[in-house]
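Peer 1: here is my input, please return the structure:
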Amino acid sequence: MKKKLRLPILLLAVVIMLSIFYIKEASNNNSDPVSGDDLNASSLNPEFTEARLLSLEEANNEIDELEASIAAGNLTAVEVSNTTAKIQELKNIKHQEASLEATLIEMNSYDDVLVLLGEEALVIDIYTEDEITVSKFVELARLAKGSFGSDTVVKVITTSMNE
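Peer 2: Numbering: from 1, shown residues only. Coordinates of the predicted model:
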């Protein structure tokens, strides 16, 4: 059962990332010729993509373990219910992270955004040349707290495109 779910979930993540990339590329489509510098620069940060896939893989592994414990048949009805709720929560968190990334990219015209919910805080890493102002941080925190709950600690980091 867990091998059957791992590949579709991974493919879904790749499709989401490619969709975001192509939507962004379509909105930035211009007829100017591409220079050599533009060929080397990608709007998506490969480190962000790697972190997204790693986070998704960890969540998928945890979901697989939880589903295996349900399939083993050793759990009570209450434990099965709790385990199912945890599986749904993990799926919802990954969906919320992807949705918030897409929203922030669309609203603020950022090149790329990485949103990961950790144990201590929600980390928003923005791939941009600009610095984040206090008012922009408040706006980002408000959006994040709207998605993940008002008690969520939000950390905003900027990753320079020149690194």
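Peer 1: low-confidence ranges, the protein, go.
Peer 2: 1-3, 24-43, 161-163 (pLDDT under 70).
Peer 1: what about Glu101, how many residues nearby?
Peer 2: Glu101 has 23 neighbouring residues, counting by other C-beta atoms under 10 Å. C-beta coordinates here come from the backbone N, C-alpha and C atoms, glycine included.
Peer 1: what sits against it?
Peer 2: 20, 113-115 (C-beta atoms under 8 Å, 6 or more residues apart in numbering).
Peer 1: for this protein, just list every one of the helices.
Peer 2: Taking DSSP state H as the test, the helices found in the chain are 2-27, 36-40, 46-72, 77-108, 134-148.
Peer 1: out of the ones you listed, flag the one nearest Thr159.
Peer 2: helix 46-72 (7.7 Å; C-beta to C-beta).
Peer 1: now do the buried residues in that closest one.
Peer 2: 48-49, 52, 55-56, 59-60, 63-64, 66-67, 70 (16 or more other C-beta atoms under 10 Å).
Peer 1: ok, stretch 128-148 next?
Peer 2: In stretch 128-148, counting by 16+ other C-beta under 10 Å, buried: 128, 132, 140-141, 143-144, 147-148.
Peer 1: give me the distance between that stretch and the centre of its chain.
Peer 2: 16 Å (C-alpha atoms, centre = their mean, to the nearest Å).
Peer 1: cool, and stretch 61-74?
Peer 2: Using C-alpha atoms, centre = their mean, the offset of stretch 61-74 from its chain centre is 24 Å.
Peer 1: any chance of the helices of the chain in CSV, plus distance to Ile124?
Peer 2: As requested, the helices of the chain are exported to CSV (distance: least, C-beta to C-beta, whole Å):
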stretch, distance to Ile124
helix 2-27, 15
helix 36-40, 26
helix 46-72, 11
helix 77-108, 7
helix 134-148, 6
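Peer 1: cool, thanks, signing off.
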